[in-house]
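S.K.: coords please:
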Amino acid sequence: MDAPAELPPLLAQASQWPLVPVMTRVGLAIAIGLFIGLEREHSRKTGVRTFALTALMGCLGGLTGQSFALVAAGFVTLLVLLMNARELLLHQRLALTTSTALMVVAFCGILCGMGHTFTPIVVGVLTTALLAWKQSLVGFVGGLSDKELRSAVLLAVLTFVVFPILPAHPVDPWGLIEPQSNWASVIIIAAVGFVNYMLLKTLGPRGMEVTAFFGGLVNSRKVIVELATRLKEVGAPLLPSAYRGILLATVAMLLRNGLIVIIFASQAAVHCAIPFTFMLLVSAVLWRRSPEQAPTEGAPRLALESPFRLMAALKFGGVFLALNVAGALAQRNFGSGSFYFVSILGGLLSSASSIASAATLISHHEISAVTGVNGVILSSLTSIVVNIPLIRSMAKEASFRRRVSAALLSVAVVGLVGVGLNLMVFEALLHRA
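M.R.: Take a look at the predicted model:
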């Protein structure tokens, strides 16, 4: 996609240059320069013409060969030095961001001149985004706590330092424990949770429904506990938001579980389509038909902690590994029924761990896709149903308890119907084959 077409690299062969490819490369380089220059002009920095001409200079260097590309880069470097010297003399500061953007534009122009398309376009778009989102990025970084920064560093260490040194093959005589594969699952789940937490932090208290949804991607059970706690504090005025928030947290949990299956066992995703679609549709209908709460100032914010801590990662890894080993042994020695029991137990402990374990077993061909998907659905259903006694024990309003219980039971029943239809469809397909 990004492989450049060959052109004669020397000026002496310019008569052989095809018109359309040359003009395409020049046009692309100027477009990238203009695109980035627009943002700089809007920010009252070095503007559109300078960036467009810099990209054009780089493109001419790329068209005429490596030596001329180096000359073009040298001219841009000289331009940057002169620009910073002027800024230093006049304003006692350096134009580091604009200087870096000019160098990036020059290299994008060189790549365009050499025939690349995908790379300079992506780099140009990303550069413009980073420049345009300055205030958002600065505000976001300024709002990070030391704990969140340490969590990000720890996630990077576990991903790029620990993961590569782990064995990539089973280390036990039964072929059940493959450290690198299991650790990859831990990293992916931890990263998804961390990103969701940061989204929740960035959005802030824009309403309990938004925070309930993003919180449900991290930990739906904790969201429901928080909603029930806030309901106990505030009382009846919060009933509509609490009900809708519980449904949205359930939807988020189902979406997260489906995403886990797609990541770890994409070949089994089609088997999840019917049950998950049914549960999501019923949840969405119940949410749409519920009354909205009028916006009020000072709406309570869900107090979720950072989902990525070392102990949390190790706990998830331990649960995941135990469920992985238990599920494989149960399937090997006792058949599908025992695996389903392990899946239900996993739904009580951690549906994300249980589903990641089932999907991993599917991808390693330890269990069939149908058996694994049934385990995924059972784990999700258990995670939904176990919230009913939790809500009934925490909420005071009888009507609210009945309504939430009926809604969650409806989602669970529809999920079971979806599992039955799923089995019927795939048995029919097998008989037809």
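S.K.: how many neighbouring residues does P240 have?
M.R.: 17 (other Cβ atoms under 10 Å). Bear in mind the C-beta positions are built from the backbone N, C-alpha and C, glycine included.
S.K.: give me the secondary structure label for it.
M.R.: Counting by DSSP: H, G, I helix; E, B strand; the rest coil, the backbone at P240 sits in helix.
S.K.: surely it touches L247?
M.R.: No. Using Cβ atoms under 8 Å as the test, P240 is too far from L247 to be in contact (11.1 Å).
S.K.: could you tell me which residues touch both of the two?
M.R.: S290 (Cβ atoms under 8 Å, 6 or more residues apart in numbering).
S.K.: excluding chain neighbours, what is closest to P275?
M.R.: G418 (3.2 Å; Cβ to Cβ, 6 or more residues apart in numbering).
S.K.: in terms of helices and strands, where is the one you found?
M.R.: Using DSSP states H and E, the element containing G418 is helix 398-432.
S.K.: report the mean per-residue pLDDT for that helix.
M.R.: Mean per-residue pLDDT for helix 398-432: 82.
S.K.: before we move on, the earlier item: tell me, how many residues neighbour the residue nearest to P275?
M.R.: 22.
S.K.: mind listing what it touches?
M.R.: G418 touches I274, P275, F276, T277, F278, M279, I377, counting by Cβ under 8 Å, 6+ apart.
S.K.: let me have these in CSV, adding distance to L154 and secondary structure as columns.
M.R.: As requested, the contacts of G418 are exported to CSV (distance: Cβ to Cβ, whole Å; DSSP: H, G, I helix; E, B strand; the rest coil):
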residue, distance to L154, secondary structure
I274, 39, helix
P275, 36, helix
F276, 32, helix
T277, 37, helix
F278, 39, helix
M279, 34, helix
I377, 33, helix
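S.K.: give the buried subset of those residues as a ChimeraX selection command.
M.R.: To isolate the buried ones among these in ChimeraX, judged by 16 or more other Cβ atoms under 10 Å, type:
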select :274,275,276,278,279,377
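S.K.: my read is that G37 contacts L56, right?
M.R.: No. With contact defined as Cβ under 8 Å, G37 does not reach L56; the gap is 11.5 Å.
S.K.: show me which of the two is the more surrounded one.
M.R.: G37 (26 against 20).
S.K.: mean confidence score for the helix or strand the more buried one falls within?
M.R.: Per DSSP H and E, G37 falls inside helix 19-42. Averaging pLDDT along helix 19-42 gives 88.
S.K.: who touches it?
M.R.: For helix 19-42, using Cβ under 8 Å, 6+ apart, the contacting residues are 5, 7, 46-56, 58-59, 62-63, 98, 101, 104-105, 108-109, 112-113, 115, 117, 120-121, 124-125, 127-128, 131-132.
S.K.: any idea how this protein splits into domains?
M.R.: 11-132, 139-432 (automatic domain parsing).
S.K.: lowest-confidence stretch among the ones you listed?
M.R.: Among the domains of the chain, domain 139-432 scores lowest, at a mean of 75.
S.K.: distance from that domain to the middle of the chain?
M.R.: 14 Å (Cα atoms, centre = their mean, to the nearest Å).
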